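Trainee: prediction below, plus the sequence it came from.
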Amino acid sequence: MKPMGAIPSDFSNVTLIVPDRTPAFVYHADIMASRVSRFRAAFPGIDLHYAVKANPFAALLEAMAPLIDGFDVASTGESSRVMAFGKPISFAGPGKTDADLAMAIAADVTINLESEGEAARALALAKQIDHIPHLAVRVNPAFELRGSGMRMGGRASPFGIDAERVPALVKRLIAAGADWRGFHIYAGSQALDAAAIIDSQANTVDLVARLSDEIGVTPPLVNLGGGFGIPYFPSETPVNVEAIGAALIPRLAIFPGDTRFAIELGRWLVGEAGVYFTRVIDRKESRGETFLVCDGGLNHQLAATGNLGTVVRRNYPVAVTTAAPDAPTETVSVVGPLCTPLDRLADQVELPVAYPGDVIAIFMAGAYGLTASPWEFLGHPRPAELLVP
């Protein structure tokens, strides 16, 4: 038997809604709203941006829009999903095409510039359509976010402009008549160590102060990135956002009141609010092991199978939703319907005894689920998505 992660504590107060149809993702709006409230209490005066890449489900975006201060997008497609909400939008990501830049300029979307070449193209396109572009600079810092799942700073990178080259570029943008919107500094993601995040934010604030001095102008907005993780696996514990806020707020007092700060979050806001449900189709024994074969797998929830950036495969929290409270347990592996041994949602976990027709819940499915999975692989039906209270 192998351990699995803990079911999110929110579900001790929220009723788990099991859909009639499977496979399906169910997202709990009340859990998302609770996360936003917790952020507001911990980070007074700091804007909250939602990173659309975490989960772009239309009903979820609609529920999130009135709760946040802006959307961060990584493509024209993501931008089109949130344009109608009337919130500020910032557009990051390397490889923006001229069409991407032109759309953003015409729509007054803030472009987080990833290179000097991208800056030159944006300025030229803005001149062609005679429209002032809103341009921020994504900074590639010399430091990284320790313990993060994906480290975005402290190394050569396709993301952002090396910090030492930023002042000269900002001066060129201002001289060219652009509306310089400030900085975007993202050092890493999926971090659970509050001390590491505090240290990274302190370095970020110091870097912003130094860059501002070199440029001679304070930035209108500084996007501090995010990086707040959620505890998927055994022994992981939730990040202490209150400690992070208590350390950050006093540091920002050195900046004038017309400089705003934002934190960009996706996974922390929605990851624990989502559950993926799949139904047992077959129960089989093979060489002393029991397999529950289900109607959905890595084609919908790739991350749970350990095939999305995980070095060592570990088990997400899993439950049999149709089991009686006193049902006997057994050690089983939960697998999907695909013709690949990679399609394993849970590996030798202890669960109540289940049979065809029973429904399995895979928790921690609210972020980087369906749209981060190869859902067209092998042609199985696309799962349902539902937003519930």
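Mentor: On my side now, so go ahead. Numbering: from 1, shown residues only.
Trainee: and the helix ranked longest in the chain, what does it pack against?
Mentor: Longest among the helix segments of the chain by residue count, using DSSP state H, is helix 194-215. For helix 194-215, the elements it packs on are helix 166-175, strand 179-185, helix 241-251, judged by 3 or more C-beta pairs under 8 Å, 6 or more residues apart in numbering; DSSP states H and E. Backbone N, C-alpha and C define where each C-beta goes, glycine included.
Trainee: which of those sits closest to residue 73?
Mentor: strand 179-185 (12.2 Å; C-beta to C-beta).
Trainee: so after that closest one, what's the next helix or strand?
Mentor: Toward the C-terminus, strand 179-185 is succeeded by strand 188-189 as the next helix or strand (DSSP states H and E).
Trainee: chain center to that following strand, what's the gap?
Mentor: Strand 188-189 sits 10 Å away from the centroid of its parent chain (C-alpha atoms, centre = their mean, to the nearest Å).
Trainee: quick one, strands of the stretch 251-389 of the chain?
Mentor: Assigned by DSSP state E, counting those that start in this stretch, the stretch 251-389 of the chain shows strands spanning 260-265, 274-286, 289-294, 318-320, 329-335, 344-352, 359-362, 384-388.
Trainee: would TSV of those strands with mean pLDDT, mean neighbour count and distance to residue 6 be doable?
Mentor: Compiled in TSV, the strands of the stretch 251-389 of the chain are given as follows (pLDDT from 0 to 100; neighbours: other C-beta atoms under 10 Å; distance: least, C-beta to C-beta, whole Å):
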stretch	mean pLDDT	mean neighbour count	distance to residue 6
strand 260-265	98	23	21
strand 274-286	98	19	14
strand 289-294	98	19	21
strand 318-320	98	20	11
strand 329-335	98	19	17
strand 344-352	98	20	13
strand 359-362	98	24	13
strand 384-388	98	17	22
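Trainee: figure out which of these is closest to residue 8.
Mentor: Closest approach to residue 8 among these is made by strand 274-286 (9.2 Å; C-beta to C-beta).
Trainee: relative to the whole chain's centre, how far out is that closest one?
Mentor: 27 Å.
Trainee: what does stretch 5-15 give?
Mentor: Here stretch 5-15 is found 20 Å from its chain centre; the criterion is C-alpha atoms, centre = their mean.
Trainee: any buried residues in it, and which?
Mentor: The neighbour-count check on stretch 5-15 (16 or more other C-beta atoms under 10 Å) flags 5-8, 10-11, 14 as buried.
Trainee: cool, and stretch 187-204?
Mentor: Within stretch 187-204, the residues that qualify as buried by neighbour count (16+ other C-beta under 10 Å) are 187-194, 196-201, 203-204.
Trainee: cool, and stretch 42-52?
Mentor: 42-43, 46-52.
Trainee: pipe the strands of the stretch 251-389 of the chain into JSON lines and attach distance to residue 251 per row.
Mentor: Below are the strands of the stretch 251-389 of the chain laid out as JSON lines (distance: least, C-beta to C-beta, whole Å):
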{"stretch": "strand 260-265", "distance to residue 251": "10"}
{"stretch": "strand 274-286", "distance to residue 251": "33"}
{"stretch": "strand 289-294", "distance to residue 251": "48"}
{"stretch": "strand 318-320", "distance to residue 251": "41"}
{"stretch": "strand 329-335", "distance to residue 251": "45"}
{"stretch": "strand 344-352", "distance to residue 251": "42"}
{"stretch": "strand 359-362", "distance to residue 251": "39"}
{"stretch": "strand 384-388", "distance to residue 251": "37"}
